[in-house]
Structure formats: C-alpha cells, structure tokens
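Asks: my questions concern the predicted model and sequence given below.
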Amino acid sequence: MPDEDRPVDAGDSAGPRPSLRAEQVRQTRIALVRTGRTLFGQRGFAATSVDDIAREAGVTSGALYHHFPTKSALFETVFEELHAELLEASALAATRGHGHVDRLALAFDAFLDAVLDPDVQRIIVVDAPAVLGLARFTELDERYAFGAIVDALERASADGALRVTDPETLARLLLGALTRGGLLIASAPDPRRTRDGVARTMRDLLAGLEPLAPERHTAGGESL
C-alpha cells in the first residue's frame, strides 16, 4: 500500500506510550504520596505506620517498600511536594505587591497563612526538622525558597528600596525567622493572632533595611 494511502495511527506522532505496568507503578506511587500526606498531616509521622499508609492507599506494604525504602523516604517526598506548593503560592501572592519589598512581604504572608493549616504545620514545621534531620531539612528548605528570596533582595537593593550588603546571609536569616514564626503559630493558643504578629514583625525587619531618609539642613548647616 502506498504511504499516502496508509491509515494514520493516532499514536505515531505522540511517541511510544507507557506500558500498562508502568502506568500502574506511577499510579501506585501517586497514591502512596497522597495517602502519606493525608496521614502525616492528620496523625503526625510517629503515629503513622507503614501498614496504615499501605492499607489506606490500597496496596501492600511490599509495594510501598518498592517505591520508598523507608517511611522517612516517603515523608521526604511528601515534604518536598508540599514545600514546592507553598513556594508556588508565595510566588503568586507576591505578584500582587507594589515594589520588591512589598512583594517579598506578601510572599512571607502567604507562607504564614499556609501554616495556619494544622496539616501543613505538622508536616512542614513540627515533624520535618526531626524526621529529616536539621541538615537535610535546611538543605531542602533552601532548595525551594532560598534562591527566590535572594533574587528579591538583590532586586530591592538594586532599586535602592533596601540596604542589603550580603543577600545570601540575609536570605538564610529570613528563612530562619519564618521557620521560627511557623513554630510560634503551631504552638500558639490563638494561631491567627500569632500569625498576624509574626507577619507584622517580618515587615518590621524589612522596614529596618530601608535606606535612611536624607537629612534636611537649615541655612546655617544644622540638621533639623
């Protein structure tokens, strides 16, 4: 049959399709991560067993271990996905700001809003440092947020909106302040009020980096 007369296969241009087995593996992993996120958020890492996760996800414990060698490895994946979502939400909130400083403050606000969710509190703020270890927690935290904060600080400094001599160090200190603020919110009897207090304080920290207004002088040279 000539080529022009050969029926066109709809899959020709799309490349090879994943096998049924590969799709089942992918769906199993998705189910495990989704279930892990739910149970880790509701019960906490320590109170959630591998059997709990496997049962809720509708798979065997062996299937879970095929994808994740340990419960901690599954938790790390959950943490990374959730952290990436929070960064995306912060970036979206920042687009509503006027100027680099306001955008940075709105991004911080969005993170603090997210921490009001008890599930986010438990996974991101309470359990992550203990489960992952401080070094790994810091590494992942900086992987998703550090670059964006450094970029915002450098832009604000270039525009003269902030006085920043070492944006990388300042970014790490601000991340530490946000983490501590999240802990305050998680342990507060009134999380909303504490969230507002932390947000105001973060803005105060940024305001303290604003350039000083030029001094006005009298005709005799004395400052007013």
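Replies: Yep, that arrived.
Asks: domains in this protein, as residue ranges please.
Replies: Domain segmentation of the chain under automatic domain parsing yields 20-69, 71-207.
Asks: let me have these in CSV, extended by mean neighbour count and mean pLDDT.
Replies: In short, each C-beta sits where N, CA and C put it, glycine included. CSV is the format used below for the domains of the chain (neighbours: other CB atoms under 10 Å; pLDDT from 0 to 100):
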stretch, mean neighbour count, mean pLDDT
domain 20-69, 16, 94
domain 71-207, 17, 94
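Asks: distance of the residue nearest the centre of the chain relative to Arg122?
Replies: The centroid of the chain falls nearest to His83 when counting by CA atoms, centre = their mean (2.8 Å). Remark: distance between His83 and Arg122 (CB to CB, to the nearest Å) = 14 Å.
Asks: find residues that contact each of those two.
Replies: Taking CB atoms under 8 Å, 6 or more residues apart in numbering as the contact rule, His83 and Arg122 touch no residue in common.
Asks: sorry, back to before: so what's the residue nearest to the centre of the chain closest to, chain neighbours aside?
Replies: If the residues on either side of it in the chain are set aside, His83 comes closest to Tyr144, at 4.9 Å by CB to CB, 6 or more residues apart in numbering.
Asks: and that neighbour, what element?
Replies: Secondary structure assigned from DSSP states H and E places Tyr144 in helix 134-158.
Asks: and that helix, what does it pack onto?
Replies: Secondary-structure packing of helix 134-158 (3 or more CB pairs under 8 Å, 6 or more residues apart in numbering; DSSP states H and E): helix 71-94, helix 100-115, helix 128-132, helix 167-187.
Asks: contacts for the helix or strand that the last one is followed by, please.
Replies: Okay, so that is helix 167-187. Next along the chain after helix 167-187, taking DSSP H and E as the criterion, comes helix 191-207. Contact partners of helix 191-207, identified using CB under 8 Å, 6+ apart, comprise 101, 104-105, 108-109, 112-113, 115-116, 162, 174, 177-178, 181, 184-185, 188.
Asks: let's go with 10 Å and repeat that
Replies: Under the criterion CB atoms under 10 Å, 6 or more residues apart in numbering, residues 100-102, 104-106, 108-109, 111-118, 121, 153, 156, 161-162, 170, 173-174, 177-178, 180-188, 190 lie in contact with helix 191-207.
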